[in-house]
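Q: What follows is a predicted structure for the sequence shown.
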Amino acid sequence: MFRGKKYKKVAESFDHTKEYGLEDALQILKKSELKFDQTVELHFNLGVDPKQTDQAIRGTVVLPNGTGRKVRVLVFCKDNNFQIAKDAGADYVGGADLVQKIQEGWLDFDSVIATPDMMPVISKVARVLGPRGLMPSPKAGTVTVNVAQTVKELKAGKIQYRIDKGSNVHAPVGKLSFTVPQLAENAKTVIDSVVKSRPQTAKGVFIKSIYLSATMAPGVKLDMGLTR
C-alpha cells in the first residue's frame, strides 16, 4: 500500500514497540494533520470467541464531546411518532415508504431507529441494513419506544461498536481537529465501556491490545493500564 511522506514521517517519529498514554499517543497523531479532518479511532483486540453468542461483544456509548460529524438519522415509526421524531431532530421519518426507497438503493443515512411495532415492516430490508451495521436492534438501543431521546443521543454523539470475526472492535472517538483533552475524554469513555462489556464466560486476558489511529496515520499502541 502506498504511504505518503507525512505518514512515513509520523511512523518514524515514535517507538512502535512501546505503549503510550492517551495524551502522548494523541500528540503523535496530531503530527499527521492534513487539509481534511481525519477521524480518530480506537482498535481493540479481544480475548473472546465471537462465534459464541454470549461473547459477541456489542455496545453503545455517548461520546462526551461528540463525534465531530453530522449524523443523519432515519426513524421508522407510525404516524403518532412522526412529529416527535422530527422535533427531536430526525432527518428522515416514515414507514413502508422508506422501506421501498431502501429497496430501490437509497442509503443516505448514518443511523436507523425503529419503534418495536415497525420491526416486521423493516425486516424486508434486514439484508441491506444488517451487513452495514444499520439494522435497528434492542441491544444497541435503536429499537425503542423512546424515539425522541434516542434521536437526540445519536445526534449528540452516541456510537455503536461490535466485535468482528477476528475478535476486533473498532470505534471512532472524534476528529483530529478536536483538542487533545477532548479526544482523550472520548477515548477513555469508549475504553471504559468496552472493559465493562466483558462477558462472564470470557477466560484469561480480555483486552489483548489497544491501538489509536487516524485515517491517514499509523496506529499507536496504548498503555494497557488504561483498562484498569
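A: Alright, I've got the coordinates.
Q: Which strands or helices does the helix or strand Val93 falls within pack on?
A: Here Val93, judged by DSSP states H and E, is contained in strand 92-94. Counting contacts by 3 or more CB pairs under 8 Å, 6 or more residues apart in numbering; DSSP states H and E, strand 92-94 is packed against strand 73-76, helix 79-88. (Glycine included, C-beta is placed from N, CA and C.)
Q: mind running it again at 10 Å?
A: Strand 92-94 sits against strand 73-76, helix 79-88, helix 96-103, with contacts defined as 3 or more CB pairs under 10 Å, 6 or more residues apart in numbering; DSSP states H and E.
Q: Looks to me like Lys221 is in a strand.
A: Yes. Counting by DSSP: H, G, I helix; E, B strand; the rest coil, Lys221 is part of a strand.
Q: surely it meets His16?
A: Yes. Using CB atoms under 10 Å, Lys221 is in contact with His16, at 7.2 Å.
Q: the more surrounded of the two?
A: Relative neighbour count places Lys221 above the other of Lys221 and His16, with 18 against 10, counting by other CB atoms under 10 Å.
Q: Backbone dihedrals for the residue lying closest to that one once chain neighbours are set aside, please?
A: In this structure, Lys221 finds its nearest non-sequential neighbour in Glu19, 5.2 Å apart by CB to CB, 6 or more residues apart in numbering. Main-chain torsions, Glu19, degrees, to the nearest 10: phi -100, psi 140.
Q: ok, now Leu42?
A: phi -100, psi 140.
Q: wait, what's in contact with the nearest residue to it once chain neighbours are set aside?
A: Leaving aside its sequence neighbours, Leu42 sits nearest to Ala171 (CB to CB, 6+ apart; 5.0 Å). With contact set as CB atoms under 10 Å, 6 or more residues apart in numbering, Ala171 has these partners: 41-44, 59, 61, 63, 159-162, 186-187, 189-191, 193-194.
Q: wait, what's in contact with Ala11?
A: Neighbours of Ala11 in contact, by CB under 10 Å, 6+ apart: 3, 28, 32, 217-220.
Q: can I get those residues in a markdown table with pLDDT, neighbour count and secondary structure?
A: Listed next are the contacts of Ala11 as a markdown table, based on pLDDT from 0 to 100; neighbours: other CB atoms under 10 Å; DSSP: H, G, I helix; E, B strand; the rest coil:
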| residue | pLDDT | neighbour count | secondary structure |
| --- | --- | --- | --- |
| Arg3 | 72 | 11 | coil |
| Ile28 | 97 | 19 | helix |
| Ser32 | 92 | 21 | coil |
| Ala217 | 92 | 22 | coil |
| Pro218 | 94 | 19 | coil |
| Gly219 | 96 | 18 | coil |
| Val220 | 98 | 25 | strand |
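Q: Show me what the spatially closest residue to Tyr20 that is not a sequence neighbour is bridged to.
A: Excluding its sequence neighbours, the residue lying closest to Tyr20 (CB to CB, 6+ apart) is Val220, at 5.6 Å. On the basis of DSSP bridges, Val220 is bridged to Leu212.
Q: Cross-check the contact I'm expecting between Val220 and Ala187.
A: No. If you go by CB under 10 Å, Val220 and Ala187 don't touch, sitting 11.4 Å apart.
Q: What does the pLDDT read for Lys9?
A: Note for Lys9: predicted pLDDT of 89.
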